[in-house]
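**Student:** heads up, no residue letters with this:
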């Protein structure tokens, strides 16, 4: 199969990226292929999202499927170099190393393009696509201001395809079984299946494969939600809150067609127990995101820490109405002004919390000290010492 024929196949299948944005994969492939100049393929398996485990499960359980997809993507865009990126210390690195070695010595599975493994610092924004380009070029994993986008000028100044490892695994299955098979599940605009990590107040937390477009209530039911779940965070820490049971019929897909504006995003869905405080949980996460920024622009250096502190003050009954108005103002001026999209994701999460937990906002503004302080925290964050302090 020629590269152009492979891209046509992916376009017919309607595959969209599984890393967060849900961008049409065939459009990315075609844009890089048209750039020429010895292109590069980068498979992003870093999974900086603390609430997600899907990429790690995929890479440890089916590394050859990901490698098949990466090599096929290289054929599609005419690349002569494939790089698989994972975080340092990731268990998936060993599985990938074994898989690459197995292919190197096998006449049947030998790849026509060399495959490299790159270990990226364990920081949240180090897996952003421009940060991966910068790391592969300079050894420093900080995001770059764009444009140019990686498909225009990326690794070694060449047009670079950067795709999530799950996206590449789906590409391999489409090449094997065809677009009609792929479209048997999912919706017309968002076909196929996706991996999601379900956690929080559920009895069976873990990674599940679901058909896109299914109802949120049905997806949560796979993991056995505990009684009294009051809300769910959909899309990970750059996603948004939705109330339950009101949002049980919300379709889980890459399209924000619901009143809450949520998408499947990074594929993490977290159920909030009724006794927990969504405002307090959100303040913790925004504080973490503020600490994980690259610190290269005002919104990250000053805006996010201030937003996190005001959210914490709100949850603990220490924020007055004037302070709340200042919080809303800061959310408005941070969005869209960062060197990368990191501050956008953080303020999107904060804004959704203020809308979904509006009753709690009013209560806390009257000086109520959050009852969530008396209960175990729900949303996962990396343990101390498990995040790299530098960018190299």
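**Tutor:** All right, it came through fine. Every value quoted in this text rests on a predicted model; they were computed, and no experiment measured them. Residues are numbered from 1 along each chain as shown.
**Student:** tell me who's in contact with the closest residue to residue 334 other than its chain neighbours.
**Tutor:** Leaving aside its chain neighbours, residue 334 sits nearest to residue 303 (4.0 Å; criterion: CB to CB, 6 or more residues apart in numbering). Where C-beta positions appear, they are placed from N, C-alpha and C, glycine not excepted. Listed by CB atoms under 8 Å, 6 or more residues apart in numbering, the contact partners of residue 303 are 330, 333-334, 343, 347.
**Student:** same question, residue 145
**Tutor:** So residue 145 contacts 130, 339-340 (CB under 8 Å, 6+ apart).
**Student:** from those residues, which ones fall inside helices?
**Tutor:** Using DSSP state H, the subset of the contacts of residue 145 located in helices is residue 130.
**Student:** just the buried members of the contacts of residue 145?
**Tutor:** 130, 339-340 (16 or more other CB atoms under 10 Å).
**Student:** flag the least confident of those.
**Tutor:** Lowest pLDDT of the buried ones among the contacts of residue 145: residue 339, 76.
**Student:** that one against residue 293, yeah?
**Tutor:** No - with contact defined as CB atoms under 8 Å, residue 339 does not reach residue 293; the gap is 9.7 Å.
**Student:** who touches both of the two?
**Tutor:** In contact with both residue 339 and residue 293: residue 300, using CB under 8 Å, 6+ apart.
**Student:** how about the strands of the stretch 201-350 of the chain, start to end?
**Tutor:** 206-211, 229-234, 240-243, 268-273 (DSSP state E, counting those that start in this stretch).
**Student:** so which of those is nearest residue 125?
**Tutor:** Closest of those to residue 125 is strand 268-273, at 16.6 Å (criterion: CB to CB).
**Student:** quick one, the closest one and strand 206-211 angle?
**Tutor:** Computed with axes from the mean of the first three to the mean of the last three CA atoms, to 10 degrees, the direction of strand 268-273 lies at 110 degrees from that of strand 206-211.
**Student:** just checking, what packs against strand 268-273?
**Tutor:** strand 193-200, helix 216-222, strand 229-234 (3 or more CB pairs under 8 Å, 6 or more residues apart in numbering; DSSP states H and E).
**Student:** try 6 Å this time
**Tutor:** Applying 3 or more CB pairs under 6 Å, 6 or more residues apart in numbering; DSSP states H and E, one finds that strand 268-273 contacts strand 193-200, strand 229-234.
**Student:** need the contact partners of the shortest one.
**Tutor:** When contacts are defined by CB atoms under 6 Å, 6 or more residues apart in numbering, strand 229-234 is touched by residues 201, 241-244, 262, 269-272, 274, 278.
**Student:** any idea which of these is least confident?
**Tutor:** Scoring these by pLDDT puts residue 262 last, at 87.
**Student:** quick one on the thing from earlier: could you dump the helices and strands packed on strand 268-273 to a markdown table with distance to residue 101?
**Tutor:** Compiled in a markdown table, these are given as follows (distance: least, CB to CB, whole Å):
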| stretch | distance to residue 101 |
| --- | --- |
| strand 193-200 | 25 |
| strand 229-234 | 39 |
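**Student:** and the ones you listed as JSON lines, adding distance to residue 252 and mean neighbour count?
**Tutor:** Below are the helices and strands packed on strand 268-273 laid out as JSON lines (distance: least, CB to CB, whole Å; neighbours: other CB atoms under 10 Å):
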{"stretch": "strand 193-200", "distance to residue 252": "7", "mean neighbour count": "24"}
{"stretch": "strand 229-234", "distance to residue 252": "7", "mean neighbour count": "24"}
